[in-house]
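Novice: have a look at this prediction, sequence included:
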Amino acid sequence: MKPIIIFVKLIRESMNFAYQSIRVNKMRTFLSLFGITIGIFAIVSVFTVLDSLEKSVRQSLDSLGDNVVYVQKWPWSMGTSYPWWKYMNRPQPSLEDLETLRSSSITAQSSALMLSYQSLVAYERNAAPKTPILAVTDSYEDIRSFEVESGRYFSAFDLSMGKRVTVLGNDIATELFVGLNPVGRSIKIGGYLVEVIGVLKKEGQQAVGDQSHDDLVVIPANFSKLMVDFRYAGPTIMVKAKDGIPSEELMDELRGILRASRKLKPIEDDDFSLNQVSTLREGIDNIFAVINIAGWIIGGFSILVGGFGIANIMFVSVKERTNIIGIQKALGAKNTFILVQFLYESVLLSIIGGAVGLLLIFIGSLVVNAVSEFTITLSLSNIILGISVSAIIGIISGFAPAWQASRLNPVEAINTKA
């Protein structure tokens with residue numbers, strides 16, 4: 001019990017000495033804090049932005065759905081062994097392919113076709129050139145989640161008959177109908193007069209994957225045939241698997257149905273691509289792994305500079321307090337006491353500097369969140385990372401000066417001139 005009491009007393013006295021040194025030498029303390037603050041700010045801000053970006057990207061990927069297969073002309077990941085001109089010669093997915101899949105698949109829950117292109121959209125004197133138009137078939141709403149804020153979504157009759165109706169994204173509705181309710185009014189799309197039947201709830205921008213509906217003008221696919229040629233516009237067929245059906249099983253079935261429908265011989269390659277989110281997710285994982293390594297390198301150099309600054313100032317502190325160290329040793333202070341005293345001062349400086357750096361990052365995240373749609377969050381893991389790195393740098397930077405101080409000869413130390 002007595003050794004524990006002595007150890008606690010030793011720590012407390014070391015803390016008191018360190019605190020007094022920090023309080024008395026304000027300019028030196030500020031310089032030490034400034035160096036480590038910049039270092040922690042650099043390394044933690046890099047990881048905070050990366051974490052926020054990665055979270056946004058993964059949320060966007062989640063919106064695509066893990067159990068959804070995308071039938072397209074081009075693959076999301078192209079190998080180096082497949083000539084590009086073979087992809088170029090592939091036919092585009094069609095409404096006939098969609099009907100074939102619907103009638104033949106037993107593992108698919110829902111399937112729909114979507115087509116994107118750009119056109120001039122106008123309401124009276126307000127016009128939006130090159131507005132993204134999204135043409136969809138029925139069941140699109142079963143695969144891609146969204147909410148209707150006002151009005152209604154397409155009925156089965158609207159979609160099958162290709163009625164000249166549209167559902168607007170929130171931003172494009174606000175841009176065209178300033179202060180007005182769009183529902184029931186008509187806009188012009190590619191020269192055609194189209195009735196607005198609904199407005200979608202605002203979603204915010206997506207990092208990757210499907211474009212946010214906010215800027216889209218959604219119309220029935222059968223109506224879009226009047227404006228675009230499906231053979232060249234690049235449509236996509238989305239197929240959602242039934243509950244409990246692995247995406248691999250769905251892909252195998254779709255591949256067999258499409259090959260049979262297009263009369264491909266066994267030795268012939270597929271003339272279509274079956275894409276899924278896992279392909280993108282693997283690529284994203286690899287990208288962020290490389291970026292994280294780069295973040296450690298960039299932040300590492302910054303924190304290294306801060307560490308050298310603390311070490312340099314601690315050596316100066318040891319030299320200035322050599323007489324005091326000699327007096328402490330003459331009064332019976334052990335080497336451990338001196339070592340802990342200076343080591344604690346170094347760690348305290350480093351942690352305070354790191355805390356200031358984290359505070360600056362938090363303030364910066366609030367500013368970014370207020371002026372942009374991109375959300376930056378200082379997570380608990382990054383706070384712990386910043387404090388931990390600060391403490392480790394404090395120990396590493398302060399150990400050599402503390403060791404030097406603890407090994408001073410008391411007689412020589414007392415007689416040393418500061």
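Specialist: Received it, and whenever you're ready, just let me know what you need.

Novice: for the chain, where's the lowest mean pLDDT among helices and strands?
Specialist: Ranked by mean pLDDT, DSSP states H and E, the weakest helix or strand in the chain is helix 2-24, scoring a mean of 61.

Novice: domain-wise, how is the protein divided?
Specialist: 2-61+282-415, 68-275 (automatic domain parsing).

Novice: let's have the ones you listed in JSON lines, adding mean neighbour count.
Specialist: (Each C-beta comes from the backbone N, C-alpha and C, glycine too.) Below are the domains of the chain laid out as JSON lines (neighbours: other Cβ atoms under 10 Å):
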{"stretch": "domain 2-61+282-415", "mean neighbour count": "18"}
{"stretch": "domain 68-275", "mean neighbour count": "17"}
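
Novice: would you single out the least confident of those?
Specialist: Lowest mean pLDDT within those: domain 2-61+282-415, a mean of 76.

Novice: that one: how far from the chain's middle?
Specialist: 27 Å (Cα atoms, centre = their mean, to the nearest Å).

Novice: just stretch 168-181 next, same as before
Specialist: 29 Å.

Novice: what kind of secondary structure is the spatially closest residue to residue 243 that is not a sequence neighbour in?
Specialist: Leaving aside its chain neighbours, residue 243 sits nearest to residue 109 (7.3 Å; criterion: Cβ to Cβ, 6 or more residues apart in numbering). When classified by DSSP: H, G, I helix; E, B strand; the rest coil, residue 109 comes out as strand.

Novice: cool, residue 101 as well?
Specialist: Applying three-state DSSP: residue 101 is helix.

Novice: and the gap between it and residue 171?
Specialist: Look at residue 101 and residue 171: by Cβ to Cβ, to the nearest Å, they are 33 Å apart.

Novice: again, but for residue 202
Specialist: 7 Å.

Novice: which neighbours do those two share?
Specialist: When Cβ atoms under 8 Å, 6 or more residues apart in numbering defines a contact, the residues bordering residue 202 and residue 171 alike are residue 214.

Novice: now do the same contact list for the residue nearest to residue 243.
Specialist: 142, 240, 241, 242, 243.

Novice: at 10 Å instead, please
Specialist: Contacts of residue 109 were listed using Cβ atoms under 10 Å, 6 or more residues apart in numbering, and they are 67, 68, 139, 142, 143, 239, 240, 241, 242, 243, 245, 250.

Novice: and it, how close does it get to residue 383?
Specialist: Separation of residue 109 from residue 383 (Cβ to Cβ) stands at 43 Å.

Novice: is residue 74 in contact with residue 90, as I believe?
Specialist: Yes: with contact defined as Cβ atoms under 10 Å, residue 74 reaches residue 90; the gap is 8.0 Å.

Novice: what touches both of these two?
Specialist: Joint contacts of residue 74 and residue 90 (Cβ under 10 Å, 6+ apart) are 272, 273.

Novice: so where do the strands sit in this protein?
Specialist: Under the criterion DSSP state E, the chain contains strands at 68-72, 108-123, 126-136, 148-151, 165-168, 186-189, 192-200, 217-220, 236-241, 273-275.

Novice: of those, which approaches residue 407 most closely?
Specialist: Closest approach to residue 407 among those (Cβ to Cβ): strand 273-275, 66.0 Å.

Novice: partner strands of the closest one and their direction?
Specialist: Within its sheet, strand 273-275 is paired with strand 68-72 (antiparallel), according to DSSP bridges.

Novice: would you mind writing the CA trace of the partner strand as PDB?
Specialist: The C-alpha coordinates for strand 68-72 follow below in PDB (Å, rounded to 0.1, in the frame of the first residue of the first chain):
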ATOM      1  CA  VAL A  68     -30.500  -4.900 -57.300                       C
ATOM      2  CA  VAL A  69     -28.900  -5.900 -60.600                       C
ATOM      3  CA  TYR A  70     -28.400  -3.400 -63.400                       C
ATOM      4  CA  VAL A  71     -28.600  -4.700 -67.000                       C
ATOM      5  CA  GLN A  72     -26.600  -2.300 -69.200                       C
END
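
Novice: let me know the angle separating it from strand 108-123.
Specialist: Strand 68-72 and strand 108-123 are oriented at 60 degrees to each other (axes from the mean of the first three to the mean of the last three Cα atoms, to 10 degrees).

Novice: hmm, who's touching strand 68-72?
Specialist: By Cβ under 10 Å, 6+ apart, strand 68-72 touches 64, 76, 90, 92-93, 97-98, 101, 107-111, 113-114, 143-144, 234-241, 247-248, 250-251, 253-255, 258, 272-277, 279.

Novice: cutoff 6 Å now
Specialist: For strand 68-72, contacts defined as Cβ atoms under 6 Å, 6 or more residues apart in numbering pick out 93, 236-240, 250-251, 272-276.

Novice: work out the gap between that strand and the centre of the chain.
Specialist: 24 Å.

Novice: next one: stretch 153-165
Specialist: The chain centroid and the centroid of stretch 153-165 are separated by 37 Å under Cα atoms, centre = their mean.
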